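Visitor: Need coordinates for the below:
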Amino acid sequence: MGRTVPTYRQAAESTFRNWSDFRRALSQDDREAFDRLSDKVRLHASASSVAAFLDPLEGALLSILLEQEKELERLRKKA
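Guide: Predicted structure coming up:
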């Protein structure tokens, strides 16, 4: 029997496909930054799957915020 609900990873990739026109409209530098954000979402896909958010965007935003916070902390320690 097949799945009736897509996995978080499938939902996230579907969201990225929906955003492809937006991504294409970005400058090269912005596109690279957008891709890095997408990678942050993929990095935490397992945690988002366990959390079972009703809206996959919730897990995506939390993943991005978490990675941004970690980067800020690294920069604070460097200074």
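
Visitor: contacting residues around the helix or strand that contains residue 50?
Guide: According to DSSP states H and E, residue 50 maps onto helix 45-51. Defining contact as C-beta atoms under 8 Å, 6 or more residues apart in numbering, one finds that helix 45-51 is touched by 7, 8, 9, 12, 41, 56, 58, 59, 60, 62, 63. All C-beta atoms are positioned from the backbone trio N, CA, C, and that covers glycine.

Visitor: Derive a ChimeraX selection command for the buried subset of those.
Guide: Entered in ChimeraX, the line below selects the buried ones among the contacts of helix 45-51, by 16 or more other C-beta atoms under 10 Å:
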select :8,12,41,56,59,60,62,63
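
Visitor: Let's have the contacts of helix 45-51 in a markdown table, adding pLDDT, secondary structure and distance to residue 34.
Guide: A markdown table is the format used below for the contacts of helix 45-51 (pLDDT from 0 to 100; DSSP: H, G, I helix; E, B strand; the rest coil; distance: C-beta to C-beta, whole Å):
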| residue | pLDDT | secondary structure | distance to residue 34 |
| --- | --- | --- | --- |
| 7 | 89 | coil | 23 |
| 8 | 91 | helix | 20 |
| 9 | 93 | helix | 18 |
| 12 | 92 | helix | 14 |
| 41 | 96 | helix | 11 |
| 56 | 89 | helix | 17 |
| 58 | 95 | helix | 19 |
| 59 | 94 | helix | 17 |
| 60 | 95 | helix | 12 |
| 62 | 96 | helix | 18 |
| 63 | 96 | helix | 14 |
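
Visitor: Give the buried residues for the helix holding residue 50.
Guide: 45, 48, 49.

Visitor: And stretch 60-77, by the same measure?
Guide: In stretch 60-77, counting by 16+ other C-beta under 10 Å, buried: 60, 62, 63, 64, 67.

Visitor: how much space is there between residue 5 and residue 61?
Guide: 20 Å (C-beta to C-beta, to the nearest Å).

Visitor: swap that for residue 69, please
Guide: 12 Å.

Visitor: quick revisit: which one of the contacts of helix 45-51 sits closest to residue 23?
Guide: residue 41 (13.3 Å; C-beta to C-beta).
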